[in-house]
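Colleague: Curious how this folds, go ahead:
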Amino acid sequence: MKHIAIIGAGWLGLPLAKHLQTLGYQVSASRTSQAGIEQLAAQEIQGFVCDLNNPLHLADTLASLGCDTVVGSFPPGFRRGQGDEYAQQWQDLVSAAQRAQCKKIIMISSTTVYPSRAEAMTEQQASLALAQSDADFSANAKVMLQAEQSVLDSGLDYAVVRCSGLIGPDRHPSRFAARLKQVSTLAPANMLHLDDAIGAVTFAVEHLQSDVVNATTPNTVSKAEFYQAALDAVASTDPLPAVVDVADKLIVADKLVCAGYQFHYLNTLEALNADG
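Modeller: Below is the predicted model:
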């Protein structure tokens, strides 16, 4: 049975660790402090300290744990102004996995990688090579794609799971509506529930080999309709931000579906109401 190390036992990484344990995998998960390790122990998860800004002993740690699969589940920190570190963190993580003789590495990436165009986005429409010569790719997209490239070039078996906007427990979209400058009747709400994020990453661990996939709820509505439904779901009387008619990209999950993954929620409105 595989021993899986999850780097980043946060909002997604912690429930992912618990789920993989229920499937019989040996799982170790990281936090950045000893206090975090004690919190994991209280939930019966083996923890280890990992600070990706100081990864000196990470390879030794992974080797001592006997990990054959590493899952990176940590955000780029763009909103905190820390995005520039992200590509280096992934380069260091890949190097540690190589030195520890791990067999597979899974990157939980983001649909931030796609260009700002009102098109249906499939996996081949974003790569570091494309981004370097296309002004429609944002600076954040280029950082994410540089991080992905470290995984693609690792020589290890890999899977890159590009998740769209994550929703679920403690991340109800109604909380974010007020922060938006505008919502569009023509922009798709590309969203993914925590249950399907866990499901897609687990599917990647078990079934994907050297592949990149989008993980997004297969059917959706406009952002205007989605966020109004989110406010209605919590009986909020707050108004929507400015409603506009500006088209935007649609993330497509066909490749993951064709590979055999079965989504828990087929529509974003269904996913929205999953947590009451």
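
Colleague: use CA for all of it now, contacts and neighbours both
Modeller: Fine.

Colleague: who touches residue 254 in this structure?
Modeller: residue 218 (C-alpha atoms under 8 Å, 6 or more residues apart in numbering).

Colleague: all helices of the stretch 51-200 of the chain, in order?
Modeller: For the stretch 51-200 of the chain, the helices defined by DSSP state H, counting those that start in this stretch occupy 58-65, 86-99, 128-131, 139-152, 174-177, 194-207.

Colleague: quick check: angle from the second one to helix 139-152?
Modeller: Inter-element angle recorded for helix 86-99 and helix 139-152: 10 degrees (by axes from the mean of the first three to the mean of the last three C-alpha atoms, to 10 degrees).

Colleague: returning to that earlier point: just put the helices of the stretch 51-200 of the chain in TSV and tack on mean pLDDT and mean neighbour count.
Modeller: Listed next are these as TSV, based on pLDDT from 0 to 100; neighbours: other C-alpha atoms under 10 Å:
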stretch	mean pLDDT	mean neighbour count
helix 58-65	95	18
helix 86-99	96	20
helix 128-131	97	17
helix 139-152	96	22
helix 174-177	92	17
helix 194-207	98	21
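
Colleague: any chance of those helices in TSV, with distance to residue 250 too?
Modeller: Below are these laid out as TSV (distance: least, C-alpha to C-alpha, whole Å):
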stretch	distance to residue 250
helix 58-65	38
helix 86-99	25
helix 128-131	18
helix 139-152	16
helix 174-177	19
helix 194-207	18
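
Colleague: Out of those, which is closest to residue 112?
Modeller: helix 139-152 (5.5 Å; C-alpha to C-alpha).

Colleague: Report all helices and strands that the closest one contacts.
Modeller: The elements that helix 139-152 packs onto, with contact taken as 3 or more C-alpha pairs under 8 Å, 6 or more residues apart in numbering; DSSP states H and E, are helix 86-99, strand 104-110, helix 128-131, strand 157-163.

Colleague: list the buried ones in the last one?
Modeller: Meaning strand 157-163. 157-163 (16 or more other C-alpha atoms under 10 Å).

Colleague: Who does that strand pair with, and is each partner parallel or antiparallel?
Modeller: Strand 157-163 has the following sheet partners, assigned by DSSP bridges: strand 104-110 (parallel), strand 211-215 (parallel).

Colleague: hmm, who's touching the longest one?
Modeller: Think strand 104-110. Residues from elsewhere that reach strand 104-110 (C-alpha under 8 Å, 6+ apart): 68-74, 94, 97, 144, 148, 151, 156-164, 201, 204-205.

Colleague: Sounds good, over and out.
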